[in-house]
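Novice: with the input below, show me the fold.
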Amino acid sequence: MAPHKPEAEFDDIAPAWYGFRHYTIFRTELESLSRHWHSGRLLNAGCGHGADFLPFRQNFELFGIDISSEMLRYAEKFKIKHRFDAVLRQEDMRSLDFPDNYFDFAIAVASLHHLDSPESRRQALAEIHRVVRPDGEIFLTVWNACQPRFWFSRRDTRIPWKTGDKTVFRYYHLFTYREIERLAKDEGFTVMSSRPEAFFRGPLKYFSRNICLHLRNSVV
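Specialist: Prediction:
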């Protein structure tokens, strides 16, 4: 497998991604959380072009980090278009430049699965645990290894994205429900819920496209 350079991969796809995924596919989940959480300081870890901010644009103090400078450039454009404010920084989610307990809440939508080693994924969750206050809550999503299209794929794979005359191969680690739940618990979180995306209509959650975890930051 070729060297994984996520900043370059997402810089390349940012212009097309801004149009293709302009609005979050997790609107139901995020709007529910915004009502449940009411207000506070919120971190969007791996914010991309900023679509997952929208349900929180009222009453929340918003911060977003992403490794891709191009995604952040489109996030600046997105927040102007949709009339909200957010502090945006180019950072690696494995090493966050925020104080301990700085945030009330965090979301990490479709970002953890782009980290290419078990240690890097543990580091990212450990950093989120550090910067979110005790008893703060976290929502994260990852791709499910057991969705039908990946039944014959490796757990660490590359997914092509066509942009112009170039094809970008994005790295994904495909999780199982058991794996991501165990990882979250090992890094100090309580799993409040573990479920498919709201639009999943299958009879068994284990075949969903996404795994959605609602976590609480456990008190040490």
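
Novice: what residues are up against the residue nearest to H49 when sequence neighbours are not counted?
Specialist: Of all residues not flanking H49 in the chain, Y74 sits nearest, at 3.9 Å (C-beta to C-beta, 6 or more residues apart in numbering). The way it works is simple: take the backbone N, C-alpha and C, and place the C-beta from them, glycine included. Y74 makes contact with A14, P15, W17, Y18, G48, H49, G50, according to C-beta atoms under 8 Å, 6 or more residues apart in numbering.

Novice: quick check: phi and psi on Y74?
Specialist: Dihedral pair for Y74: phi -70, psi -30, per degrees, to the nearest 10.

Novice: thinking again about what came up before, which of the contacts of Y74 fall in helices?
Specialist: In this view, those that belong to helices under DSSP state H are A14, P15, W17, Y18.

Novice: farthest pair in those?
Specialist: P15 and W17 (7.3 Å; C-beta to C-beta).

Novice: okay, these two: which has more neighbours?
Specialist: W17 (20 against 15; other C-beta atoms under 10 Å).

Novice: next SSE after whichever strand in the chain runs longest?
Specialist: Criterion DSSP state E: the longest strand present in the chain is strand 132-143. Next along the chain after strand 132-143, taking DSSP states H and E as the criterion, comes strand 156-163.

Novice: what lies in contact with that next one?
Specialist: 1, 12-13, 15-16, 116, 150, 167-174.

Novice: nearest to G202 among those residues?
Specialist: Nearest to G202, judged by C-beta to C-beta, of the contacts of strand 156-163 is F150 at 14.5 Å.

Novice: can you say which of the contacts of Y74 are buried?
Specialist: A14, W17, Y18, G48, H49, G50 (16 or more other C-beta atoms under 10 Å).

Novice: roughly how far does the second one sit from Y206?
Specialist: According to C-beta to C-beta, to the nearest Å, W17 stands 28 Å off from Y206.

Novice: next: the third one.
Specialist: With the distance defined as C-beta to C-beta, Y18 ends up 33 Å from Y206.

Novice: kindly report the same for the last one.
Specialist: G50 sits at a distance of 31 Å from Y206 (criterion: C-beta to C-beta).

Novice: same question for the first one.
Specialist: Distance of A14 to Y206, computed by C-beta to C-beta: 33 Å.

Novice: R158 versus the residue in the chain sticking out farthest from the centre, what's the distance?
Specialist: Within the chain, the residue lying farthest from the chain centre (C-alpha atoms, centre = their mean) is D165, at 27.8 Å. Per C-beta to C-beta, D165 is found 19 Å from R158.
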